[in-house]
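Trainee: Have a look at this prediction, sequence included:
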Amino acid sequence: MKNPNLQEHPHRRHNPLLDEWVLVSPHRSKRPWQGQEETSQEEVRPNYDPACYLCPGNTRANGEVNPNYSSSFVFGNDFAALKPEAIDFGENDSPFFKARPEQGISRVVCFSPRHDLTIPEMEVAAIEKIIRTWQSEYEALGRVDYISHVQIFENKGSIMGCSNPHPHGQIWAQSSLPTLVQKTQDSLSAYYTKNQTTLLLQSSG
């Protein structure tokens, strides 16, 4: 069978960005489902919550008071995943447990003063302000001498582990490249060396 219907047969597909082969079994989507099903529930929130750590003028968990901001608001994460202090772990010769220090900076970006307004619901002008905030933070953190990678993201909803319902995102800037990013960089470099063109341009053409 030289031209199989890939929707009907298990196969592996190559991910050129990571140079990995991934198992794909699309035919399994036809199996009967008797597992758990979730009903869609519309969450109704006030535009201001006096108990919210991120609303304007409220006190955060660390005791600091938020300004009465009117657009996006950026501050250092009170419970940062990455910290700027350089820690020396010393030498570790264990073949089973290895650890390396990781410097970094963690920031929170509140998208709007409103507790109930997510990005898709905002006016275009307000979204543009958020994008400009992302840009300025990315550029500023990228100029820090020990920072090698800046990641901007949003955990949305409790199922994703979001600790506060006020619409916000995070910025993690760290001293080393994350493993997935490093693998992607290596694949892009190898592709260019072999083909003298960029993989992303080729795949988008």
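Mentor: On my side now, so go ahead. Numbers count the residues shown, from 1 in each chain.

Trainee: Can you pull out the low-pLDDT segments for the chain?
Mentor: Where the chain drops to pLDDT under 70, the residues are 1-3, 157-161.

Trainee: where do the helices sit along it?
Mentor: 124-142, 179-195, 199-204 (DSSP state H).

Trainee: I'd like those helices as TSV, with mean neighbour count and distance to residue 20 appended.
Mentor: Yep, even glycine has a C-beta here, placed from its N, CA and C like the rest. Output for those, formatted as TSV (neighbours: other C-beta atoms under 10 Å; distance: least, C-beta to C-beta, whole Å):
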stretch	mean neighbour count	distance to residue 20
helix 124-142	14	28
helix 179-195	13	8
helix 199-204	11	14
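
Trainee: For residue 46, which of those helices is the nearest?
Mentor: Nearest to residue 46 among these is helix 124-142 (18.8 Å), distances taken as C-beta to C-beta.

Trainee: which secondary structure elements does that closest one contact?
Mentor: Packing partners of helix 124-142 (3 or more C-beta pairs under 8 Å, 6 or more residues apart in numbering; DSSP states H and E): strand 104-110, strand 149-153, strand 168-174.

Trainee: re earlier: so which of the helices of the chain is nearest residue 53?
Mentor: The nearest among those, by C-beta to C-beta, is helix 124-142 at 19.4 Å.

Trainee: before we move on, back to that, in a markdown table: the helices and strands packed on helix 124-142, plus distance to residue 25.
Mentor: Shown next, in a markdown table, are these (distance: least, C-beta to C-beta, whole Å):
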| stretch | distance to residue 25 |
| --- | --- |
| strand 104-110 | 38 |
| strand 149-153 | 29 |
| strand 168-174 | 34 |
